[in-house]
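Chemist: 3D, please:
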Amino acid sequence: MAIYHCSVKTVSRSTGRSAPAAAAYRTGTLLVNERDGVTHDYRRRVGVEAAFIVAPPAAEWAQDRAALWNAAEAAENRKNSTVAREYEVALPAELSAEQRADLARTFAAALVERYGVAADVAIHAPGGEGDQRNHHAHVLTTTRTVGGGGLGPKTRALDDQRSGEIERVRELWAGLTNAALERAGVGERVSHLSHAARGLA
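Modeler: Predicted coordinates:
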């Protein structure tokens, strides 16, 4: 049974986190945070099936993971700055590995187009223990627009909890997931709505 999950979180300095550390951990790579000189090496991490960056066409420089996330760090001056935003999504076990990667890439591309940001996608396999259907992806995006000359202004649409923007992202993920399931000939469908909203509670 296809499972719906789409959560939106922030990576903030106020909790002692950094964009290079978050990206390195999720993608299973090594990144040095040029702001404080700390090396984050997660190359031995298992379970990362794929990792790739989706960026606006004019921002080829953003395909360099180290350049992207160090730019995100350098753009913020406050000690409590939000340096990245993370979307965690469940990838249907009913899809093949290639289909799951295509779905994650399509979602990342939609975020890039909607907000003008760059997105770093990491696809994770289920853990050695627990539910073996738990395929999922972490999509880490910049909080600023990305262009050929670097980072631009902050994207504020998701900062206002009353704007309904996060709910629109959750609806977007449901729609893309259902389209992928349909293309794969799978009858299952997911919904971003709660059981109560669907009259099931």
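
Chemist: for the closest residue to residue 6 other than its chain neighbours, give me its contacts.
Modeler: Of all residues not flanking residue 6 in the chain, residue 173 sits nearest, at 4.2 Å (CB to CB, 6 or more residues apart in numbering). Just so you know, the C-beta spots here come from the backbone N, C-alpha and C atoms, and that holds for glycine as well. For residue 173, the set of contacting residues under the criterion of CB atoms under 8 Å, 6 or more residues apart in numbering consists of 4, 6, 87, 89, 107, 192.

Chemist: part of a strand, is residue 173?
Modeler: No - according to DSSP: H, G, I helix; E, B strand; the rest coil, residue 173 belongs to no strand; its state is helix.

Chemist: for the longest strand seen in the chain, the averaged confidence score.
Modeler: Of all segments of type strand in the chain, defined using DSSP state E, the longest is strand 82-90. Averaging the model's pLDDT scores along strand 82-90 yields 96.

Chemist: just checking, next helix/strand downstream of it?
Modeler: If you walk from strand 82-90 toward the C-terminus, the next helix or strand you reach (DSSP states H and E) is helix 97-115.

Chemist: who are the neighbours in contact with residue 185?
Modeler: For residue 185, no residue counts as a contact, taking CB under 8 Å, 6+ apart as the criterion.

Chemist: so how far is residue 99 from it?
Modeler: Using CB to CB, to the nearest Å, one obtains 11 Å as the distance from residue 185 to residue 99.
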